[in-house]
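Novice: Here is my input; please provide its structure:
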Amino acid sequence: MTKITNLLILGGSGFLSGALASAALAQGLHVWSVTRGQRPLPAGVSGFVADRHDQAAFAQVIASAQTQWDLVVDCIAFEPADIQQDIAAFKALARHLVYISTDFVYDPVRRMFPQREESDYYATEGYGGKKRQGEVVLTDADTGDMAWTILRPCHIYGPGSKLGCLPLHSRDANLITRLQAGEALQLVGGGHFLQQPILARDLAELVLSLAGNRKVFGQILNAAGPDIVESREYYRIIADVLGVELNVIDAPVGQYRSEHPESAPFLCHRIYDLSKLQAAGVAAPKTSLAQGLREHVESLLKH
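Specialist: Model prediction:
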């Protein structure tokens, strides 16, 4: 394992990318980021301004840095073309590329429990389908001396994001207000789908621990938290932090899936085999859901 000194984040002002930048700065790394310049960066981050969809401008910004990065992390690749861009830009300039993919790449109706990284069934459409196409671009590419790793995180939570992991209250800006008012939450399937949420800070520390670790070169890894709970337990923990009761109304799964087919990736058990992650000797996520959600709720109440 090689000690790293510098990091480039594609993104940097968002939820996960901001957590990653903060974690890297705390470890004493020199941190750069590429953003569109629309939001402030964490103090201490060196920013490049470019829209990655402007291919020429992006390439010019990267070339102008005249830097070789120990680690490049792409938090904002949503199209296969984004990964092609990463390979072209960083093949000769990065020692290690980490692509933040998603657990939505797995076909929601043909999952294993727990879900391993190896599967014959992947999403072919929507967000998960495009992320999977990006994975294939990377796994099939000639990346020269640049190592790569793909992470598939599940539901990411923590300070800096909205609360909620399941329709009809996913990333619900009014969730705290609803609970404090005694409003019943409509949860698809009564909230009985299993979840394994990961705290953004834990995910950031995991990403940094991948750098230079040969055991993760050329690997795809699930990334999930230590606790497996029903979705309704996620909301119950939030209610407990607020000191209120949780009341749930069951929204029928079949009807909701029929009316909202795009929500299918939420309407399944999302639990993961983490044996590859653990065998690699990296910083496996460790923060309990109860502790992490308390931090998340308290941060929202504070602001």
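
Novice: Going along the chain, name the strands of the stretch 101-250 of the chain.
Specialist: With strands called from DSSP state E, counting those that start in this stretch, the stretch 101-250 of the chain shows them at 147-153, 156-157, 165-166, 169-170, 185-188, 194-195, 198-199, 219-223, 229-230, 248-251.

Novice: in this protein, what spans have low per-residue confidence?
Specialist: The chain contains residues with pLDDT under 70 at 1-2, 12-13.

Novice: can you rerun that using 90?
Specialist: 1-4, 11-14, 35-43, 46-53, 55-57, 59, 61, 63-67, 303 (pLDDT under 90).

Novice: Tell me where it has helices.
Specialist: 15-26, 55-64, 80-90, 126-140, 175-180, 200-210, 231-242, 253-259, 275-279, 289-302 (DSSP state H).

Novice: thinking again about what came up before, how about a markdown table for the strands of the stretch 101-250 of the chain, with distance to V136 added?
Specialist: Glycine gets a C-beta too; all of them are placed from N, C-alpha and C. Shown next, in a markdown table, are those (distance: least, CB to CB, whole Å):
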| stretch | distance to V136 |
| --- | --- |
| strand 147-153 | 10 |
| strand 156-157 | 23 |
| strand 165-166 | 28 |
| strand 169-170 | 27 |
| strand 185-188 | 30 |
| strand 194-195 | 27 |
| strand 198-199 | 24 |
| strand 219-223 | 11 |
| strand 229-230 | 32 |
| strand 248-251 | 35 |
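
Novice: right, and these - which one's nearest Q38?
Specialist: strand 156-157 (21.0 Å; CB to CB).

Novice: thinking again about what came up before, turn the helices of the chain into JSON lines, columns for mean neighbour count and distance to V105.
Specialist: Putting the helices of the chain into JSON lines (neighbours: other CB atoms under 10 Å; distance: least, CB to CB, whole Å) gives the following:
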{"stretch": "helix 15-26", "mean neighbour count": "22", "distance to V105": "17"}
{"stretch": "helix 55-64", "mean neighbour count": "15", "distance to V105": "25"}
{"stretch": "helix 80-90", "mean neighbour count": "20", "distance to V105": "13"}
{"stretch": "helix 126-140", "mean neighbour count": "18", "distance to V105": "4"}
{"stretch": "helix 175-180", "mean neighbour count": "17", "distance to V105": "27"}
{"stretch": "helix 200-210", "mean neighbour count": "23", "distance to V105": "16"}
{"stretch": "helix 231-242", "mean neighbour count": "20", "distance to V105": "20"}
{"stretch": "helix 253-259", "mean neighbour count": "13", "distance to V105": "19"}
{"stretch": "helix 275-279", "mean neighbour count": "15", "distance to V105": "15"}
{"stretch": "helix 289-302", "mean neighbour count": "16", "distance to V105": "23"}
